[in-house]
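# 3D model of this:
(chains A, B, C and D, ligands or ions: 4)
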Amino acid sequence: MTSLKTPLHHITAPAHVTNANVIMREDPFRGHLNLRGNPQDEAFTRAVAKVLGVALPTQPNSSAEQGTTRIYWLCPNEWLLLVAADTQAQVEADLRDALAGQHVAVTDQSSGQTLVNLSGPQVDDLMMKSTVYDCHPSNLGIGKVVQTTFAKTGAIIHKCADGSFDLVIRRSFSDYFFLWLADASQEYGLRVT
Amino acid sequence: MKKYSGFSLFKHSLKHHEDWQKAWRSPRPKKSYDVIIVGGGGHGLATAYYLAKEHGITNIAVVEKGYLGGGNTARNTTIVRSNYLWDEASKLYDHALDLWYGLSQDLNYNVMFSSRGVMNLGHNLQDMRDIERRVNANRLNGIDAAVLNTQEVKEIVPIINDSQDIRYPVLGASWQKTGGVARHDAVAWGFARGADQLGVDLIQQCEVTDIVVEQGAVTGVQTNQGFIGAKKVACVTAGNSGVVAAMAGIRLPLESHPLQALVSEPIKPIIDTVVMSNAVHAYVSQSDKGDLVIGAGIDSYNGYGQRGSFHVVEHTLSAICELFPMFSRVRMNRAWGGVVDTCPDACPIISKTRVDGLYFNCGWGTGGFKATPGSGHVFAHTVAHDEPHPLAKPFTIDRFNTGHLIDEHGAAGVAH
Amino acid sequence: MSQHNRLAQGGRIDRNQPLSFTWNGKQYQGYQGDTLASAMLANGIKVVGRSFKYSRARGIFGHGAEEANALMQLGVGKETIPNPRATQIELFDGLTASATNGWPNADFDLMEWVGKIGGKMMPPGFYYKTFMWPEKMWMTYEKFIRKAAGYGKASLEADPDTYDKMNRHCDVMIVGAGPAGLAAALEAGRTGKRVILADEQNEFGGSLLASGQTINDQPAVEWAEAAAAELAAMENVICLPRTTVFGYYDHNFLGALERRTDHQGMTAQSGTRQRIHRIRAHQVVLATGAIERPLVFANNDLPGVMLSGSVATYVNRYGVVPGNRCVVMTTNDSGYQTALDIVAAGRTVVAIVDVRHNPEGRLVDAAREAGITVKPGHAIIEAKGNKQVTDAMVAPIDIEGDKVTGQPMSMSCDLIAVAGGWSPVVHLSCHTGSRPQWNDEVAAFVPGPTLQQQHLAGAIDGEYSTAGALTAGAQMGAKAAASEVHNQYDCGDESICPAQAMYLVPHTKPVSRAPKQFVDFQNDVTAAGIELANREGFESIEHVKRYTAMGFGTDQGKTGNINGMAITAKNLGKTIAETGTTIFRPAYTPVTFGAIGGRDIGELLDPARHTAMHSWHLDNGALFENVGQWKRPWYYPKAGESMQQTLNRECMAVRRSVGMVDASTLGKIDIQGKDAREFLNRVYTNAFSKLAPGKCRYGLMLKEDGMVFDDGVTACLGDNHFLMTTTTGGAAGVMSWLEMWLQTEWPELEVYLTSVTDHWATCSFSGPNARKVLEKLCDDVDLSAEAFKFMDWREGTVAGIKARIFRISFTGELAYEVNVPANQGLHMWQQIMAAGEEFDITPYGTETMHVLRAEKGYIIVGQDTDGSLTPQDCGMHWVVGKNKEFSFLGKRSFTRPDTSRDDRKHLVGLKPTDPTVVIPEGSQIVADPTQPIPMDMLGHVTSSYWSECLGHGIALGTVKAGHHKTGDTVYFPLADGRVLAAEICSPVFYDPKGERHHD
Amino acid sequence: MLHIYCPYCEEMREEEEFSYSGEAHIARPLDPESLTDAEWGDYVFFRTNPRGLHHEMWNHAVGCRRYFNVTRNTHTYEIYETYKMGEQPTVTGGKS
Ligand SMILES: Cc1cc2nc3c(=O)[nH]c(=O)nc-3n(C[C@H](O)[C@H](O)[C@H](O)COP(=O)(O)OP(=O)(O)OC[C@H]3O[C@@H](n4cnc5c(N)ncnc54)[C@H](O)[C@@H]3O)c2cc1C
Ligand SMILES: NC(=O)c1ccc[n+]([C@@H]2O[C@H](COP(=O)([O-])OP(=O)(O)OC[C@H]3O[C@@H](n4cnc5c(N)ncnc54)[C@H](O)[C@@H]3O)[C@@H](O)[C@H]2O)c1
Ligand SMILES: Cc1cc2nc3c(=O)[nH]c(=O)nc-3n(C[C@H](O)[C@H](O)[C@H](O)COP(=O)(O)O)c2cc1C
Ligand SMILES: [Zn+2]
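Ligands and ions are numbered 1, 2, ... in the order given. Model (predicted):
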């Protein structure tokens, strides 16, 4: 659909960088759904697992993944569901159906935020410049998800299996995010793919 | 007590300065006093001075847990101005400003009050509306005030970044030419010497640990130097007011927070006035010694540690470098913190309490240095007459029950 | 001039890499590895500056952070840096430096005579005693005082450099890479724990770099090099040379400044010049060493008087002997080592003057064997010379070191090395409020108890032997890493003879009459000055500091403070422990402002938030207004238009046809749960119990003090589902306010809140043709006035996109707000603009929005309110629920005596008497403009505009008892002398019956 | 620079992630209308403000957005415990 524009659609990527040690890739138009509910309530967790095909992670700062669906723990009663592009409406409807009558909330955030992957040999240094959170592998292990600061804004940071970072950033801050990123990665070389 | 003057300096220099007298005595506390002032900061010492000078009460002790003037008086950015928004506040602060003029002569102690002007910058349209409002109110109250546009700001402070392309450009400012800065220690010492000269006992290293109340009336204070009796006890303990009030079973509408400040290394004169910005959060002036004196923001948490968090300083210095890009290569020499007693309406409490003979003067928060002489003056009246000075009337503690708050937040932000 | 003080060999300099530099306009040479100070000394430069009160000539005194005299003006133009110490500037080719004070120059300073003659009149605090008459003259005196004060000059141009920061986390943070720090790092590093080792010098090794000792039979320097290399190879260890830990903050957080390029030139050729490491450590090992203490004697500030350890450092580390004939004065064995080093360098030691009466042992013997004269029980009571030392006056003293007991003799010399003992670098340990403790055994303050996870190793703890430092370092490194000690150290015989504590050296004259005995060089604080302060009643050490300015300088009293405290103690008959120290604060050494600011300047000062339509606004010439962090279009001027013309055009477009504003910035909170209504009832002044799905309602939010704090429209999306909007600036505050109530007070309410501000883009278009525009784009919603009423909302398809359409109006016209997911916001905006083209649809900004709403008397929270107005004050009784069961937030405050008064300031309309006039916003309102100042003010103008459609100015304002004064004329005395007048009227100027938006 | 344990995220986080929210355990009166002006004023404005042990609320603003309680020494800044909303402190009195 041409009418769709991601928050980062207009950024001007630095001209071809030969020695890019930080690589940014946006994963645009994913479905982002915010889910609230009581994890102690089995009716809730069961219903959600059924719809999503994967159990809700209930450990703090953890995530779960199944196919194109990914779930981030945000707080004891809140999760971010990342689903395939264009499926969010269906998933939302399915969840509403499955959870009818329960104290839950499902909220579409797909346009309010975007998923950005940061990788490259010096991405750890970049993260050290950008967030007060300790992104060292000993603290932010693979699969772990934290909500924390990113420069003067916030981000949800997920450590991916390949050592890269997935960041969920808010739409209105995305220009600032990129300004920061371009600036902080200047000494490393940034490529946008 | 010998008068200070250039001539006395000369005379003493011939005698190798061996004959100078003490600026104040260090007496042992008497058994009892007519009035005990708890807290030997600027406000407490000024209260003692004016009680003795204007109300003839000289059987007074100022008890100070540390050294005189060592509380917030020792650690503030010394900005003096009176351009507050509301009538009640601006009249009180302007009374103080009147006293600043001539204070050195009155005390025979040079407090180095430097009326170099104070500028409050505006960075957005609402800032400018607020500035217009405040300046108009000041003007009609007879307080020196003007609105400056960006060019006029630049003329007074040529080094300011007046680019309109920056994140929060300078759109204008309010300007009080009669405001300025003073040498904070000298203010405390001047009042101390003046009070001592009038017979007031200044007792240092004496911490009040309890306020003794019998049948609803105060009878004295318990201290680490023993019990001291008093007919009246006037507490001027700034950040520690909540702690002192609790000794008398009273709660106050105060929270004590760290407020930090810092200085650069001394440099040659580069900024001749006081520049303040609430929006980007930076305050700067240059002391006579040459250091840039910079006020940081308030730490959000309650804290009595006289220190705050580093990110508050970082925030302030990024704002300073934005406003004054040439200061970026200047270096921070020292940073410190005070404990400010913030009040819900950013105005002080000058008040009797439900305990007879117990008075509080507190809640000056981030901005009481400028009020030092005025605060002491009206508080002395309140204590002497057991009745608020007319200018202090709006600042009694029951305004938090009646709802008659005087909200200086909107216009003053951090009200240095 | 040649480097005539340079040794032919030795030291850690590279004689094959000569570097040239300029000092006070003259060219000199030094070598790679030099500091500016060592290069200046190599060239025989003696006078490096002038003191600031008495303009006395001063020379290099130390070799590192403790240096108080050698403050430089480094570089010129926009690159210049005021006040760095020559001892901490690494030499680079082309460096230029000059003195910060002295007129016409530092070497020949006319001000010296002012100091010499006037100095007597300038004891501490003299300015408090004079300059008072006439009162008006103070500002003139002050001008001269200011000119005389200060050291270097700041540039007048913007800094060409940038700075950045890194957030670091580690298990073990080790500060200082001397023997103790290196040993600690080796232990901690081998455990695999995350370790950071920082040292402010250019290379690791600390005092070892100038030491001739051996460690485990290896020369100390080689051991240090090997240790540094071993650590550099450990992946888990981060080595940060040239990095000063400047502050130790609560909960084991440390700030460190890394100088990345300062050793290469004035500015960074690429990347950032300096970097701040923000370090959160689990455990901290402080191995910051000790600073040598000078001795206070007459004229001890003459160039040529230096710290003994510094002299040794220049000799051993830099291959520079700062003089030919040296007299060493010492209270301990370390002076002997210096003397031996000087002799080994081929220069003369005239004598070692030892204040101890019976020094003996290893080093004393060695000195005697080397043929050096030792004068036990003596002291240098005075230095002689003009601009540089020529003689030392040496006299016998009593065993306590209090009195001169015999005739002074003169020793001709050009260098005096003083060794007064050591002051551990306790600074960092004190930053979090811990007070240092006096330790009699080492006659020094050592760190006191602390709450931080902190360990001490080496000289900072009074452990002054190298083996001791290494062993303690190893222990603490292991302990911090929760492991066992691995390495053992042997440094041979380090036995010493006990030191004698000594601070002020007696003179034949009393302190007040002796030549100046300096305690704090930078602020010209003398022993006599301290005595005077004590005499005048300044007894607390903090008073002494503040009265004399001792320790106020850029060195923060690193060499002077302890002596000053000892002198005070003696004057007051107290012990040093009782006297205590002043408080150590960050920064350990000065830190560049720009580095602390980091990258958060310029565009990055604060995030600028943009809506999905931002690029369109840019493309269409919008000027922007900052609203909170948001960039909102302010107005869209066309070529040649004045701002007022633009506003008139934009306003009339809305009133006559249709205009559109980007309302995406309004806060939006999605509220779900069966108790959502109850929740809304509690947080809003009005009732939401009966709001049906498909309906919207305006609400006011109060703080508990009863004052308006936010407002907005809430739509019922479903029985248990609402969408609340907030003001743009208030969004975050409202969200956390609501969450707070839910989470802390009312957890029993089944409600979930989610901020959806960023998810929805909002195109708000209004005007008589608004419906026609929408009709073109939407065919699945009955848009008729009867079916889709004012304050209704519908779900529908607009321009092919699923949207929420709200029929709400902030302009008083027929209006729709179309909400679509922001990914489609730009598209929707473009489609509406295209559909509206035939109606001349006009984009408008916040300014026109303000005019239009003011014509309708709608308030802007924060502009028309200021936290002191109740809903009643705003004339909004209609939105306050009278019969709600729950006492909504703020309600109780209405009935307080002051809040319930009927003559509070009320928000009213103001119609200028002269219709062409627009009253300036912020004007104060009076009833009687002829009243003399101070005038009685009734209130002020909160909003004021030219209303093009009404053809006159309009304003809103607060007026005392204004609701009872409709029809009264009030006045606005302006700064320019004009007095404007207006009539108090209803705030609703336009379409008072509300027919247009109901249409 | 405080380092605070979030009882919901179950780990230590940097001060920059949190916002302070004042004294804890101040219950909103159930029936405000029945209070005297003084009682209401006391609830809205008056605080204990101790030097020493303080129970206070923080919000993990940039993290999980939960409010929680902290027992902290306002003089030394030492944190003794953090605990969830609705829970009671275990460290009380005595310490200062
Ligand atoms: C960083 C900072 C910057 C500031 N900047 C400005 C500014 O630019 N302009 C301005 O106008 N104001 C400013 N202020 C505010 C100003 O410093 C204070 O409002 C003012 O100094 C208060 O004076 P005081 O005499 O009431 O308090 P203090 O000077 O704090 O005196 C109170 C005294 O009470 C003593 N005390 C406390 N408890 C006891 C006890 N139990 N027994 C005995 N004694 C006790 C304390 O030791 C202290 O000495 C600033 C404050 C800070 C911290
Ligand atoms: N002769 C004596 O009486 C005597 C006295 C004291 C020390 N010493 C010698 O000093 C050594 C003591 O070893 P040590 O390791 O304790 O001290 P050290 O002086 O060798 O090392 C301390 C290091 O810490 C660094 N440092 C200090 N503050 C810093 C900060 N804030 N940030 C970054 N770096 C900082 C210094 O630059 C220095 O390199 C021993 O070799 C001992 O023989 C001798
Ligand atoms: C206006 C002002 C100027 C100051 N200038 C300096 C200065 O030039 N050098 C310095 O070391 N400290 C300076 N200080 C800070 C004091 O040294 C000290 O940190 C402060 O009074 C707080 O006291 P404390 O640090 O002992 O707690 C200044 C303080 C104030 C209020
Ligand atoms: Zn959390």
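# just want the residue of the stretch 851-999 of chain C that's nearest chain D.
The nearest approach of the stretch 851-999 of chain C to chain D comes at C:Arg892, 3.7 Å away (C-beta to the nearest C-beta). In short, each C-beta sits where N, CA and C put it, glycine included.
# could you check how many residues crowd around that residue?
By the measure other C-beta atoms under 10 Å in any protein chain shown, the count of residues near C:Arg892 is 24.
# what sits opposite the most centrally placed residue in chain D in the beta ladder?
When chain D is reduced to its mean C-alpha position, the nearest residue by C-alpha atoms, centre = their mean turns out to be D:Glu56, at 1.5 Å. Taking DSSP bridges, one obtains D:Glu23, D:Val70 as the residues bridged to D:Glu56.
# that one reaches D:Asn69, doesn't it?
Yes. Proximity of D:Glu56 to D:Asn69 meets the contact threshold set by C-beta atoms under 8 Å, at 7.0 Å.
# between the two, which contacts overlap?
Common neighbours of D:Glu56 and D:Asn69, using C-beta atoms under 8 Å, 6 or more residues apart in numbering or on different chains, are D:Ala24.
# the helices in chain D, which residues?
Residue ranges of the helices in chain D, as given by DSSP state H, are D:37-45.
# relative to its centre, which residue of it is most distant?
Of all residues in chain D, D:Ser34 sits farthest from the chain's C-alpha centroid, using C-alpha atoms, centre = their mean; the distance is 26.6 Å.
# returning to what we had before: neighbours of the closest residue to the residue of the stretch 851-999 of chain C closest to chain D other than its chain neighbours, how many?
Nearest-residue entry for C:Arg892: D:Pro32, 3.7 Å, with adjacent residues in sequence omitted and distances by C-beta to C-beta, 6 or more residues apart in numbering or on different chains. Using other C-beta under 10 Å, D:Pro32 has 21 neighbouring residues.
# just C:Met40 next, same as before
As a burial measure, C:Met40 scores 28 neighbours (other C-beta under 10 Å).
# next, it: secondary structure please.
Three states are possible here, and by DSSP: H, G, I helix; E, B strand; the rest coil the one that applies to C:Met40 is helix.
# show me the contacts for it.
Contacts for C:Met40 were tallied using C-beta under 8 Å, 6+ apart; they are C:23, C:28, C:48, C:60, C:70, C:86.
# do A:Asp86 as well
By C-beta under 8 Å, 6+ apart, the contact list for A:Asp86 reads A:29, A:31.
# cutoff 10 Å now
A:1, A:4, A:29-31, A:110 (C-beta atoms under 10 Å, 6 or more residues apart in numbering or on different chains).
# how about low-confidence regions in the chain?
Going with chain A. A:1-2, A:13-16 (pLDDT under 70).
# let me rephrase: I mean chain D.
Filtered on pLDDT under 70, chain D yields the residue ranges D:94-96.
# and the stretch 301-416 of chain B, by the same measure?
Judged by pLDDT under 70, the stretches of the stretch 301-416 of chain B that qualify are B:410-416.
# all helices for it, in order.
B:310-323, B:372-385, B:399-402, B:409-412 (DSSP state H, counting those that start in this stretch).
# roughly how far does C:Asn823 sit from C:Ile925?
Using C-beta to C-beta, to the nearest Å, C:Asn823 is found at 48 Å from C:Ile925.
# quick one, which of those two is more surrounded?
With neighbours defined as other C-beta under 10 Å, C:Asn823 and C:Ile925 compare such that C:Ile925 has more, 28 against 25.
# without its sequence neighbours, what residue ends up closest to C:Gln475?
Using C-beta to C-beta, 6+ apart and skipping residues adjacent in sequence, the residue nearest C:Gln475 is C:Val485, 5.7 Å away.
# surely that neighbour meets C:Ala457?
No. With contacts defined as C-beta atoms under 10 Å, C:Val485 does not count as touching C:Ala457, sitting 11.9 Å away.
# shared neighbours, those two?
Common neighbours of C:Val485 and C:Ala457, using C-beta under 10 Å, 6+ apart, are C:183, C:471, C:473-477, C:479.
# before we move on, back to that, the contacts of A:Asp86 in strands, which ones?
Mapping those onto strands (DSSP state E) picks out A:Gly31.
# distance to C:Pro934 and neighbour count added to the contacts of A:Asp86, as JSON lines?
JSON lines is the format used below for these (distance: C-beta to C-beta, whole Å; neighbours: other C-beta atoms under 10 Å in any protein chain shown):
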{"residue": "A:Met1", "distance to C:Pro934": "66", "neighbour count": "11"}
{"residue": "A:Leu4", "distance to C:Pro934": "62", "neighbour count": "17"}
{"residue": "A:Phe29", "distance to C:Pro934": "64", "neighbour count": "19"}
{"residue": "A:Arg30", "distance to C:Pro934": "64", "neighbour count": "23"}
{"residue": "A:Gly31", "distance to C:Pro934": "64", "neighbour count": "21"}
{"residue": "A:Ser110", "distance to C:Pro934": "59", "neighbour count": "23"}
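# between the contacts of A:Asp86, which is closest to chain C?
Of all the contacts of A:Asp86, the one with the least separation from chain C (C-beta to the nearest C-beta) is A:Leu4, at 4.8 Å.
# ok, that closest one touching C:Ala761?
No. Proximity of A:Leu4 to C:Ala761 does not meet the contact threshold set by C-beta under 10 Å, at 12.0 Å.
# give me every residue in chain A lying close to chain D.
Taking C-beta under 10 Å from any C-beta of the partner chain as the measure of proximity, chain A contacts chain D at A:59-61, A:73-78, A:131-134, A:139, A:146-150, A:152-156.
# try 8 Å this time
Taking C-beta under 8 Å from any C-beta of the partner chain, the part of chain A that reaches chain D is made up of A:60-61, A:74-76, A:78, A:132-133, A:146-149, A:154.
# in strands, which of these fall?
Using DSSP E, the subset of those located in strands is A:74-75, A:78, A:146-149, A:154.
# and B:Ala246, how many residues sit next to it?
16.
# repeat for D:Val91
Look at D:Val91: counted by other C-beta under 10 Å, it has 15 neighbours.
# and the helices of the stretch 301-416 of chain B: which comes nearest B:Leu254?
If you check each of the helices of the stretch 301-416 of chain B against B:Leu254 by C-beta to C-beta, helix B:399-402 wins as the nearest, at 10.4 Å.
# so which elements touch that closest one?
helix D:37-45 (3 or more C-beta pairs under 8 Å, 6 or more residues apart in numbering or on different chains; DSSP states H and E).
# roughly how far out does the helix it packs on sit from the chain middle?
For helix D:37-45, the distance between its averaged C-alpha position and the chain's averaged C-alpha position is 19 Å (C-alpha atoms, centre = their mean, to the nearest Å).
# give me the contact status of that helix with chain C.
Yes. Looking at helix D:37-45 against chain C by C-beta under 8 Å from any C-beta, the contacts come from D:37, D:40-41, D:43-45.
# now distance to C:Gly659 and neighbour count too, for those residues, in a markdown table please.
Below are the residues of helix D:37-45 next to chain C laid out as a markdown table (distance: C-beta to C-beta, whole Å; neighbours: other C-beta under 10 Å):
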| residue | distance to C:Gly659 | neighbour count |
| --- | --- | --- |
| D:Asp37 | 48 | 19 |
| D:Trp40 | 46 | 23 |
| D:Gly41 | 47 | 22 |
| D:Tyr43 | 47 | 16 |
| D:Val44 | 43 | 23 |
| D:Phe45 | 45 | 21 |
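# in chain A, what residue comes closest to ligand 1?
Taking C-beta to the nearest ligand atom as the measure, the point where chain A comes nearest ligand 1 is A:Lys152, at 23.9 Å.
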